[in-house]
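K.L.:
Structure of the sequence below:
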Amino acid sequence: MDKIEEDLLKEILDGTSSFKGAYNIRKNGKGIDRRVTENVNIVTKQELSGINIYVKENTPFEIIHIPVILTQSGLHDIVYNDFYIGKNANITIIAGCGIHNDHHENSQHDGIHRFFLEEGAKVRYIEKHYGEGTGAGKKVLNPITEITLKDGASMEMETVQIKGVDSTIRTTLATLYDNTNLVIGEKIMTHGNQIAETSFEVNLNGENASTHVTSRSVAIENSKQKFSSKIFGNNKCFAHVECDAIIKDNGTVQAIPEITANNVEANLIHEAAIGKIAGEQLIKLMTLGLNEKQAEEEIIKGFLK
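P.N.:
Residues are numbered from 1 along each chain as shown. Take a look at the predicted model:
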């Protein structure tokens, strides 16, 4: 890989471009490097573009990296990745996509990820999206995540849009069975004329299934964001959804909650708050020597931390 490609990896992988354990690196629509381990096998799909990841049951703990980078302008990359997590396995998966586009054609990556967690399995899934480049071509990212949690399984999903993504539609669909737990934390920042749309649908089918969805977003300049969530409580269950947003300049954020209780013991909560940066916060930071722009940047950084 050249320096641009290595820098993209570092942006979406918190400063590293080298990995321990199992990994699969995809560049411009093709896999370029891979490692498997005793507990983690990665197999190329035959019928579609993508990979199957198999984790053995009772795997004590492993980290899997599956980053994607695009540097070819005009490419529309679609990948289908399926994760089969064995009983009582404990896995952290670090994914994400970085796009560098210096030309006039759009570059787009659509990642369709499906997770199948067997009984008692535990997964932490981290996904970061980032765009850069001086060209007029747009950087487009449309992730789809489908999650199935069998009895006693749990999953924690952290998804972050760092900056530079012109358009994104982010879709998450989940089905939870008995004694399962799904925690989702989303952070998005948009600027310029960028557009971001997020959609969550969680079906709490099992007894004592629970989910906590948190979305924090900042929309500045002329950017637009839309957050929608649908939670279906089909059994004795618990759900808490929070959408908190800051808008600045001409930015707009729309929050659309929908909670449906199909069982008398379903406990479902949805909270949404959208507002501007509080004046007292600015004043407090400016008394410490920051100018107004610096103070705003610090507030936004802390909000998305």
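
K.L.:
Pass me the low-pLDDT residue ranges in the stretch 1-150 of the chain, would you?
P.N.:
The model of the stretch 1-150 of the chain has pLDDT under 70 over residues 15, 17.

K.L.:
any idea where the helices of it begin and end?
P.N.:
Taking DSSP state H, counting those that start in this stretch as the criterion, the stretch 1-150 of the chain carries its helices at 3-12.

K.L.:
Point out where the stretch 201-305 of the chain drops to low pLDDT.
P.N.:
Using pLDDT under 70, the stretch 201-305 of the chain drops low at 279.

K.L.:
Run through the strands of it in chain order.
P.N.:
With DSSP state E, counting those that start in this stretch as the criterion, the stretch 201-305 of the chain has strands at 209-219, 224-233, 237-247, 252-261, 266-275.

K.L.:
Mind listing what's buried along the last one?
P.N.:
Put plainly, it is strand 266-275. Counting neighbours by 16 or more other CB atoms under 10 Å, one finds that the buried residues in strand 266-275 are 266, 268, 270, 272, 274. Every residue, glycine included, has its C-beta placed from N, CA and C.

K.L.:
give the contact list for the first one.
P.N.:
Residue 266 is in contact with 204, 233-237, 239, counting by CB atoms under 8 Å, 6 or more residues apart in numbering.

K.L.:
hmm, back to that, reformat the strands of the stretch 201-305 of the chain as CSV; add distance to residue 78.
P.N.:
Output for the strands of the stretch 201-305 of the chain, formatted as CSV (distance: least, CB to CB, whole Å):
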stretch, distance to residue 78
strand 209-219, 25
strand 224-233, 23
strand 237-247, 29
strand 252-261, 27
strand 266-275, 32
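
K.L.:
Can you say which of these is nearest to residue 136?
P.N.:
Comparison of the strands of the stretch 201-305 of the chain against residue 136 by CB to CB identifies strand 224-233 as nearest, at 19.7 Å.

K.L.:
Excluding its own residues, what touches that closest one? List them.
P.N.:
By CB under 8 Å, 6+ apart, strand 224-233 touches 188, 190, 194-204, 211, 213, 215, 217, 219, 239, 241, 243, 245, 251-263, 266-268, 270.

K.L.:
can we see that at 7 Å?
P.N.:
Contacting residues not belonging to strand 224-233 are listed as 188, 190, 195-204, 213, 215, 217, 219, 239, 241, 243, 252-263, 266, 268 [CB atoms under 7 Å, 6 or more residues apart in numbering].

K.L.:
Between strand 209-219 and it, find me the angle.
P.N.:
On the basis of axes from the mean of the first three to the mean of the last three CA atoms, to 10 degrees, strand 224-233 is oriented at 170 degrees to strand 209-219.

K.L.:
Just the C-alpha atoms of strand 224-233, please, in PDB.
P.N.:
Output of strand 224-233 as PDB, limited to C-alpha atoms (Å, rounded to 0.1, in the frame of the first residue of the first chain):
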ATOM      1  CA  LYS A 224     -29.000  17.600   6.900                       C
ATOM      2  CA  GLN A 225     -29.600  14.600   9.100                       C
ATOM      3  CA  LYS A 226     -32.500  12.300   9.700                       C
ATOM      4  CA  PHE A 227     -32.800   9.700  12.500                       C
ATOM      5  CA  SER A 228     -35.600   7.200  12.700                       C
ATOM      6  CA  SER A 229     -36.000   4.300  15.000                       C
ATOM      7  CA  LYS A 230     -38.600   1.500  15.300                       C
ATOM      8  CA  ILE A 231     -38.700  -0.700  18.400                       C
ATOM      9  CA  PHE A 232     -41.100  -3.600  18.600                       C
ATOM     10  CA  GLY A 233     -41.700  -5.100  22.100                       C
END
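
K.L.:
Buried ones among the contacts of strand 224-233?
P.N.:
For the contacts of strand 224-233, buried by 16+ other CB under 10 Å: 188, 190, 195-204, 213, 215, 217, 219, 239, 241, 243, 253, 255, 257, 259, 261, 266, 268.

K.L.:
I'd like the distance from the helix or strand hosting residue 157 to the chain centre, please.
P.N.:
In this structure, residue 157 is located in strand 154-161 according to DSSP states H and E. Centre-to-centre, strand 154-161 and its host chain are 6 Å apart (CA atoms, centre = their mean, to the nearest Å).

K.L.:
go on, stretch 264-272?
P.N.:
Offset of stretch 264-272 from its chain centre (CA atoms, centre = their mean): 23 Å.

K.L.:
quick revisit: among the contacts of residue 266, which one has the most neighbours?
P.N.:
Neighbour tally across those (other CB atoms under 10 Å): the maximum, 30 neighbours, falls on residue 204.
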